[in-house]
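Novice: This is the structure alone, sequence omitted:
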C-alpha cells in the first residue's frame, strides 16, 4: 500500500476527526479548498501562534488524551504521519498526555511550546530530530525518555520545564544546546562523556548534574555539578563569587 507522508497539523487533525480552536477560527473564514485553508493558516503570524490558547475536541467533547495513529485513510487516500510540525501543539493547554506513533521521525520547533498541562508523552525510537524550544514551558512534565536515535538536544528544548525530575541522556547524544534545561529546578541528571559540546546555561539552576566528560565553554549554571572540569577553565570571575555565596560548584 502506498502512503503520502504528511506532518501532523490542523488539517491532519481535522481529517482524523478532531477540531482545535484554531481550526474553528479558520473555519469561519471563507475558503473552499484544503490548499486555500493551508495558505490562510500559513499566513498566521508567529506572534499570533505564540499568543493563542488552544483546546482540542472530538465529537464536541474537550479531550485531554490524544493518541496519534501512524497511518490513516481520508477520502480514499492513504496518509502516513512522519512529523510533528513547528508550533503544531503550541499552547494546547487541554492536553495532558500524548501517544505518538513509531512513524514519527521529527518533532518540530516549538511543537509543544507552553503546553502547561502536558504530563506524559512518549518519544518513539524512530525520532531522530527534536527542534529548538520543542517542550519549552511544559511545566507539568515530570519525566522524559529520549530514544537512542537522538544526537543533539538543541537550544531551549526543555527550557522552564520546572517540574521535570527525570530525563535520560542516551549515549548517542554528543551535543547539548544553550539553555536546553534552563530553570528545570527539580532536575537531577547524568550526562554521558560522549557529550562533547554543552551550551551556555544549559543546566541553569538544575538541582544536580553528573558529568565526567571534557566539554569546555562558558559556565553551565547547575546548582551542583559533579565534573572533571578544572577551575582554570572558567574565565568569568563572577561565577566564583556566586559559587562562594551558594556553597556549590558552578561551571
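Specialist: Nice, thanks for sending it over. None of these values were measured; they are calculated from a predicted model.

Novice: Show the model's pLDDT score for residue 21.
Specialist: Predicted confidence (pLDDT) at residue 21: the value is 73.

Novice: Tell me how many other residues surround it.
Specialist: By other C-beta atoms under 10 Å, the residues close to residue 21 number 16. The way it works is simple: take the backbone N, C-alpha and C, and place the C-beta from them, glycine included.

Novice: try residue 111
Specialist: By other C-beta under 10 Å, the residues close to residue 111 number 24.

Novice: Assess the claim that it and residue 89 are in contact.
Specialist: Yes - A contact is recorded between residue 111 and residue 89 when judged using C-beta atoms under 8 Å, the distance being 5.9 Å.

Novice: tell me which element residue 148 is part of?
Specialist: Element membership for residue 148 (DSSP states H and E) is empty, with no helix or strand holding it.

Novice: Pull the contacting residues for it.
Specialist: Residues in contact with residue 148, defined by C-beta atoms under 8 Å, 6 or more residues apart in numbering, are 125, 170-172.

Novice: Any idea what residue 8 is bridged to?
Specialist: According to DSSP bridges, residue 84 are recorded as the beta-bridge partners of residue 8.

Novice: I'd assumed residue 88 was in contact with it.
Specialist: Yes - under the criterion of C-beta under 8 Å, residue 8 is in contact with residue 88, at a separation of 5.6 Å.

Novice: and residue 105, how many neighbours?
Specialist: The number of residues packed around residue 105, counting by other C-beta under 10 Å, is 15.

Novice: again, but for residue 71
Specialist: Neighbours around residue 71, by other C-beta under 10 Å: 12.

Novice: again, but for residue 185
Specialist: 17.

Novice: how much space between the residue nearest to residue 166 when sequence neighbours are not counted and residue 153?
Specialist: Setting aside the residues directly before and after it, residue 166 is nearest to residue 143 in space (C-beta to C-beta, 6 or more residues apart in numbering), at 4.5 Å. To residue 153, residue 143 is 16 Å away according to C-beta to C-beta, to the nearest Å.

Novice: more neighbours, those two?
Specialist: Regarding residue 143 and residue 153, a neighbour count based on other C-beta under 10 Å identifies residue 153 as having more, with 27 against 13.

Novice: Done for today, thanks.
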